[in-house]
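Novice: model this:
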Amino acid sequence: MLHLLLGRAKTGKTTRLYQAMRENGKHRPQVLIVPEQYSHEAERRLCQELGGGASAWAEVLSFTRLYHRVLTETGGLAQPMLDGGGQLLLMHQAVHAVSSQLTLYAKPSQKAAFLEHLLATRGELKSYCIQPQQLLEAGDNAPEGEGQRLRELGLDVDTSVFTVEQAKEAFLRMKKEGCRHA
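Specialist: A predicted model of the protein is given here:
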């Protein structure tokens with residue numbers, strides 16, 4: 001159950017909090033949620049106020065640690081994440097797959113800096129819920145130079161999304177088959 005203690009400074013809120021934790025700790029585990037910068041001090045005060053055995057039934061969590069705890073217990077961290085190098089390799093593979101259709105980005109697409117920029121652009125497009133198909137359509141409706149850029153960007157992003165999905169499927173298939181390195 002969540003209880004909020006509100007009041008002005010130096011009115012006994014913290015003392016009351018530790019008293020309540022001491023009383024309720026005998027019945028169920030206690031969690032004190034604090035800002036990141038206060039977690040170490042709160043842990044020390046918890047042990048000071050409740051004694052050394054308090055760690056068996058009480059703990060201090062920052063918001064970040066709470067987030068990770070929830071993901072760990074609900075299986076949210078079980079999904080493998082692709083690091084920056086892996087994303088760069090997949091983007092290279094995706095751009096290479098459509099290189100014959102590129103004119104404006106044909107030469108720059110061979111450089112790592114361009115691929116990194118393309119990854120950042122893909123992330124930004126995703127955060128604004130812009131689909132690759134929308135870029136392709138906008139490219140068809142825009143003036144030629146700008147339209148070509150939008151079409152090629154849409155093609156690159158669309159292919160990279162497809163490549164990432166293929167990689168996920170391959171990983172899951174390998175994991176299901178019992179491959180040790182998946």
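
Novice: how close does H92 sit to S109?
Specialist: 9 Å (C-beta to C-beta, to the nearest Å). (C-beta placed from N, C-alpha, C; glycine too.)

Novice: Looking at those two, which has the bigger crowd around it?
Specialist: Each of H92 and S109 has its neighbours counted (other C-beta atoms under 10 Å); S109 has more, 20 against 17.

Novice: looking at this, the more buried one is in a helix?
Specialist: Yes: applying DSSP: H, G, I helix; E, B strand; the rest coil, one finds S109 inside a helix.

Novice: I'd like to know how many residues surround the residue nearest to A167 when sequence neighbours are not counted.
Specialist: If the residues on either side of it in the chain are set aside, A167 comes closest to L90, at 5.9 Å by C-beta to C-beta, 6 or more residues apart in numbering. Neighbourhood size, L90 [other C-beta under 10 Å]: 20.

Novice: ranges for the helices of the chain?
Specialist: Ranges of helices in the chain, per DSSP state H, are 13-24, 39-50, 63-74, 84-97, 112-127, 132-141, 144-176.

Novice: what pLDDT, on average, does the third one get?
Specialist: Summarised as a single mean, pLDDT over helix 63-74 is 88.

Novice: Show me what that helix packs onto, helices and strands only.
Specialist: Where contact means 3 or more C-beta pairs under 8 Å, 6 or more residues apart in numbering; DSSP states H and E, helix 63-74 is packed against strand 30-34.

Novice: which residues sit against the strand it packs on?
Specialist: Strand 30-34 is contacted by residues 17, 21, 24, 42, 46, 57-63, 66 when judged by C-beta atoms under 8 Å, 6 or more residues apart in numbering.
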